[in-house]
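Chemist: using only what follows, build the 3D model:
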Amino acid sequence: MTGGPVVLDARTAAPHFPGIGRSVVGLARGLADAGGPPPLLLHARVPDARLPLDALSGIACSSTPFDLAQQWEIRDRLRAVGAAVYHSPYYLMPFAPGVPTVVTCHDLIPLTVPGTFDAARRLAYRLAHVLAFRAASAIIVPSHATGRDVRSCFPAHSQKVVVIPEAATMLDAGHAAVGAPLPVPDDAFIVLSVGSDKPHKSLPVLLEAWRRVAARRGGASKGLCLVLAGPRERRDPHLVAAGSVRPRDGGVVSLGRVSDAVLAQLYRRAGLFVFPSRAEGFGLPVLEAMAHGAPVICSRIGALSELCGDAAAFVTPGDPAALAEAIERLLEAPGELDRLRAAGLRRAAAFSWDATARTTSETYARAAREHP
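Modeler: Numbering: from 1, shown residues only. Coordinates of the predicted model:
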């Protein structure tokens, strides 16, 4: 690729975008280590500390992805640096950036899962994607499942779809060791779930399944603890009730949003990782859990089946009885937990940010060549 720099929009490396932010940071680090011409990072006035700005040059931007002003501010920034390609990892972006453009579509859950958005928000969501996809020369998706959704919902842009899986971000043991102590007894067997409380994450299903596990096991629940981590947007009455239970002997601990250091501790201490989501574009927490050695139970849905292969125990989404049965079965099967742990480590090793960065760079070059 010749001409000016690639500009990677990293404004979503922020707490408001937990999943997208982690993927942007991983990609930025991968591109910094790729050995080719480094991209410029378009970032907020106060950039996320995780961004590798020591390796990549940066462009400060005052507009967020939700500001109308980004439509002209970013176009001006791209023109000023002579950008060859602009990459937005989010659909709310400048819709006429003036340079060859790549957009990442992480999922289309509001269009594919009924009840996620009301009619007005679904219409606005669809319109924003139409504008983003029109502006793009390539649409990166993290899984074939998401690629099928894009082709189904936006058939006019089918030929633009490029599948580039993401990867797990590992924290070193030294970093994790300095995190705050976990509010869980050292001898507790942790069943961990990481994710937001958005409806498609099926948190009430998990809590009902756990209630059944604790009730059936009775005294055998001694030392067991369900730990929930992730941003919370609503006060779920199921979670409030569960949170009143002691943090062991079948109890529940809800930590809300946690730092990467605490998350690393949780992944490493987890005896079992449970992810009951009924829709995902990729499933980054599942891959991170496997990479840190946690055996996984997850829903049998397209993206997660694609991601995990035979390295997870699968359950029907939305079925608390099936999920409770799977948890109980694995709690009584240490040999199967060991098998899933080893299979998960092997599976996670097949994904790397280096590989993601290389394929993404090839997509940049193709977008620059084919842009009219």
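Chemist: alpha carbons only for contacts and neighbour counts from here, please
Modeler: OK.
Chemist: can you list the low-confidence ranges for the stretch 201-350 of the chain?
Modeler: Residue ranges of the stretch 201-350 of the chain with pLDDT under 70: 219-221, 234-250.
Chemist: please, where are all the helices along it?
Modeler: 203-217, 237-242, 260-269, 284-291, 302-308, 320-331, 334-349 (DSSP state H, counting those that start in this stretch).
Chemist: packing partners of the first one?
Modeler: Packing partners of helix 203-217 (3 or more C-alpha pairs under 8 Å, 6 or more residues apart in numbering; DSSP states H and E): helix 237-242, helix 320-331.
Chemist: list of residues touching the longest one?
Modeler: Counting contacts by C-alpha atoms under 8 Å, 6 or more residues apart in numbering, the residues outside helix 320-331 that touch it are 205-206, 208-210, 212-213, 276, 297, 313, 315-316, 336-337.
Chemist: and which of these is nearest A132?
Modeler: Nearest to A132 out of these is P276 (C-alpha to C-alpha; 30.5 Å).
Chemist: just checking, that closest one touches D197?
Modeler: No. P276 lies out of contact with D197 (C-alpha atoms under 8 Å); the separation is 11.6 Å.
Chemist: follow-up on the earlier one: out of the contacts of helix 320-331, which is most surrounded?
Modeler: Using other C-alpha atoms under 10 Å as the neighbour criterion, P276 leads those with 28 neighbours.
Chemist: turn the contacts of helix 320-331 into TSV, columns for distance to P231.
Modeler: Formatted as TSV, the contacts of helix 320-331 follow (distance: C-alpha to C-alpha, whole Å):
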residue	distance to P231
V205	17
L206	16
E208	20
A209	21
W210	20
R212	25
V213	25
P276	16
I297	21
A313	25
V315	24
T316	25
E336	31
L337	28
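Chemist: closest one of the residues you listed to A49?
Modeler: Minimum distance to A49 across those is 31.0 Å, recorded for P276 (C-alpha to C-alpha).
Chemist: enumerate every residue touching that closest one.
Modeler: P276 neighbours (C-alpha under 8 Å, 6+ apart): 201-203, 205-206, 297-299, 317-318, 323.
Chemist: can you do 6 Å?
Modeler: 202, 298-299 (C-alpha atoms under 6 Å, 6 or more residues apart in numbering).
Chemist: and it, how far from V286?
Modeler: 10 Å (C-alpha to C-alpha, to the nearest Å).
Chemist: with L56 instead?
Modeler: Separation of L56 from V286 (C-alpha to C-alpha): 29 Å.
Chemist: likewise A261?
Modeler: 17 Å.
Chemist: of those two, who's got more company?
Modeler: V286 (27 against 18).
Chemist: one step back: and which of the contacts of helix 320-331 is nearest to R79?
Modeler: P276 (44.8 Å).
Chemist: for that closest one, what are phi and psi?
Modeler: Per-residue torsions, P276: phi -90, psi 20 (degrees, to the nearest 10).
Chemist: do you know how far it is from C61?
Modeler: 37 Å.
Chemist: swap in L272?
Modeler: 41 Å.
Chemist: give me the more crowded residue out of the two.
Modeler: Taking neighbours as other C-alpha under 10 Å, L272 and C61 compare with L272 leading, 24 against 18.
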